[in-house]
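Compute the structure for the input listed below.
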Amino acid sequence: MSDGAGGPAAEEADVRQAGDGAPGRDQDRERRCGQGVGEGACGGQRRELSYFGVKVAVIEPGFFMTNMTAAEVFNGNLQAAWQQASPEVKDLYGDAFVANFMKTYDLLKPQWSGNLSLVTNCMEHALTSCHPRTRYSPGWDAKFFYLPMSYLPTFLMDLMMCYGAPRPAKVL
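As a prediction, this is how the structure comes out:
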């Protein structure tokens, strides 16, 4: 880390989390805004830290069944958020939106993998390998759906994602 006056801080490694930016390194700001937040932040970190021999690996998993994505927890959180929403938001989206959203969730849930070792194996490989990969995509949906979809033009990706998605009751 820098002490702000241009000198090094007390013998510490310079480690940043995703989203931290280096002051004065905004030359590719427009490109970063066009990418996903994690991809833009990690890409900048990867390029900047490569001068110091630090390798940054990006792990982009697909969907996995975890305690957070369990149906009871997800539906409970969704209902709690809906109850806390303002009357204007509830009127704009309509009551059918939440029900349709839950149906979509229930249709996709059986295809999610419960094997979290795919992600941890990527983490282990990235940390222990002499030559880690720049990108890891654990899960079949990440490899064959989300990764190829990231190379599509934005309008096609939007069309694919919004095709069967629930819509608000009052749209323009």
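
Tell me where the model's unsure across the chain.
1-43, 109-110, 172 (pLDDT under 70).

now do the same end-to-end measure for stretch 143-161.
Taking Cα to Cα, to the nearest Å, stretch 143-161 runs 17 Å from one end to the other.

How far off centre is that stretch?
14 Å (Cα atoms, centre = their mean, to the nearest Å).

Over to stretch 116-129?
18 Å.

let's number from 46 now, not from 1
Sure, I'll start numbering at 46, so the last one becomes stretch 161-174.

Counting neighbours, which bits of it end up buried?
163, 164, 167, 171 (16 or more other Cβ atoms under 10 Å). Where you see a C-beta, it was placed from the backbone N, CA and C, and this is true even at glycine.

before we move on, what about stretch 188-201?
So stretch 188-201, judged by 16+ other Cβ under 10 Å, has buried residues residue 191.

circling back: mind checking which of the buried residues of stretch 161-174 are in helices?
Of the buried residues of stretch 161-174, the ones assigned to helices by DSSP state H are 163, 164, 167, 171.

Looking at those, which is nearest residue 216?
Nearest to residue 216 among those is residue 164, at 36.7 Å by Cβ to Cβ.

Go ahead and produce PDB holding the CA coordinates of the helix or strand hosting residue 169.
Assigned by DSSP states H and E, residue 169 falls within helix 162-173. The C-alpha coordinates for helix 162-173 follow below in PDB (Å, rounded to 0.1, in the frame of the first residue of the first chain):
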ATOM      1  CA  SER A 162     -15.800 -28.800  -5.000                       C
ATOM      2  CA  LEU A 163     -15.700 -27.600  -8.700                       C
ATOM      3  CA  VAL A 164     -15.300 -24.000  -7.400                       C
ATOM      4  CA  THR A 165     -12.900 -24.900  -4.600                       C
ATOM      5  CA  ASN A 166     -10.800 -27.000  -7.000                       C
ATOM      6  CA  CYS A 167     -10.400 -23.900  -9.200                       C
ATOM      7  CA  MET A 168      -9.400 -21.900  -6.100                       C
ATOM      8  CA  GLU A 169      -6.900 -24.500  -5.100                       C
ATOM      9  CA  HIS A 170      -5.400 -24.700  -8.700                       C
ATOM     10  CA  ALA A 171      -5.200 -20.900  -8.900                       C
ATOM     11  CA  LEU A 172      -3.400 -20.700  -5.500                       C
ATOM     12  CA  THR A 173      -1.100 -23.700  -5.800                       C
END
